[in-house]
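K.L.:
Below are the sequence and a predicted model; questions follow.
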Amino acid sequence: ADTQQMAYTNLATMRSLPQFPLIEAHLMSPQLRNLETLLRSAGVDPDKQVNELVLGWRGQAQDTTRFFGLAEGTFDPNQVHEFFVNNRMMIQRYSGYDFYAFGSGTARTDMFFTFIDSSRAAFGRLADLKALIDVQNSTRPALNTNADFRRWEGDLDGVAPQWGITTGLAAANQAIPWLTQGKKIQVDPSALFGAVKAVLYRVDWGSQIMAHLSIVCKNAEAANGFSQLLTLLRNAQPAVSKNVSPALSQILQNLNVQVVGSRLNLEASASINNLAQLLNAPVQNQGGQ
């Protein structure tokens with residue numbers, strides 16, 4: 001119930017897209033790729049057996065590498081168990097579930113995974129994985145006890161193969177660096193994000209990527225403030241183009257902005273190459289280093 005951010009991906013749907021190899025290159029973090037490698041060695045083929053994936057981040061610490069998740073698909077838990085036993089790899093028992101260590105299992109940052117049943121697997125750092133199992137066993141409140149998250153999920157579920165929800169604090173930590181690109185601007189984005197309840201997004205993948213975002217603000221004044229911030233950033237791009245990602249500049253120039261009450265709705269399109277450029281570009285700090 002203390003989740004601050006969640007991201008959903010329907011891999012089964014996205015695999016049918018001709019550009020999926022390019023998309024996949026930007027979907028998988030190094031930690032997920034390493035976990036995938038371990039699962040392959042244990043006889044699991046994530047490309048065929050994992051259909052849906054949900055990642056989450058909890059608490060106030062915004063460590064992007066500390067994620068946990070659930071995967072739905074078709075699994076053979078006995079096969080994986082035998083692999084770990086035969087190779088004398090670490091297995092921990094918790095509340096009736098076998099936790100398989102990804103790594104030595106002794107470091108605080110080590111990942112573990114477990115099978116809830118033959119169609120669901122869970123993974124994360126030990127404390128986060130235990131929390132997921134506690135939710136499964138109804139000894140800890142689930143995310144759906146949060147009425148806001150439940151309503152936001154209802155707005156997004158089924159509308160696109162990829163979508164996510166980020167609370168205001170988490171959204172600020174992610175958005176401010178690439179929005180400002182290290183520059184000082186007339187509007188203080190940190191102050192604006194203090195009035196944000198959440199950012200909802202969905203992504204439609206095709207020859208062009210269509211991203212739809214809704215910034216859910218506490219009031220209409222904040223929504224109008226974000227509209228002003230985006231206008232300033234869009235107008236500033238030509239003057240600072242040598243210091244700004246061309247992909248960001250293009251996305252801002254083509255951005256469709258609409259304020260509806262306390263929500264700011266945004267629509268933008270970009271090529272996969274532009275998205276890769278934006279995701280991989282180093283963010284400058286205030287000193288321009």
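P.N.:
Structure's in. What do you need?

K.L.:
Please tell me how far residue 251 sits from residue 267.
P.N.:
11 Å (C-beta to C-beta, to the nearest Å). Heads up, the C-betas are built off the backbone N, CA and C, glycines and all.

K.L.:
who has more neighbours, these two?
P.N.:
Using other C-beta atoms under 10 Å, the more surrounded residue of residue 251 and residue 267 is residue 251, with 21 against 13.

K.L.:
What ranges does the stretch 51-200 of the chain have for its strands?
P.N.:
Listed in chain order, the strands of the stretch 51-200 of the chain (DSSP state E, counting those that start in this stretch) span 68-73, 91-94, 97-102, 111-117, 120-125, 162-167, 196-204.

K.L.:
ok, longest helix in this structure?
P.N.:
helix 220-236 (DSSP state H).

K.L.:
elements contacting that one?
P.N.:
Helix 220-236 is packed against helix 168-180, helix 189-193, strand 209-217, helix 246-253, strand 256-260, strand 263-270, with contacts defined by 3 or more C-beta pairs under 8 Å, 6 or more residues apart in numbering; DSSP states H and E.

K.L.:
Show me what the third one is in contact with.
P.N.:
It refers to strand 209-217. Contact partners of strand 209-217, identified using C-beta atoms under 8 Å, 6 or more residues apart in numbering, comprise 152, 155, 160, 171, 195-204, 223, 226, 262-272, 275.

K.L.:
switch the cut-off to 7 Å
P.N.:
Identification of contacts with strand 209-217 by C-beta atoms under 7 Å, 6 or more residues apart in numbering yields 195-204, 223, 226, 262-270, 272, 275.

K.L.:
again, but for the fifth one
P.N.:
The list of residues contacting strand 256-260 from outside it, by C-beta under 7 Å, 6+ apart, reads 223, 224, 227, 230, 264, 265, 266, 267.

K.L.:
Out of those residues, show me where the pLDDT dips lowest.
P.N.:
On pLDDT alone, residue 230 ranks lowest of the contacts of strand 256-260, at 80.

K.L.:
Share the number of residues neighbouring that one, please.
P.N.:
With other C-beta under 10 Å as criterion, residue 230 counts 18.
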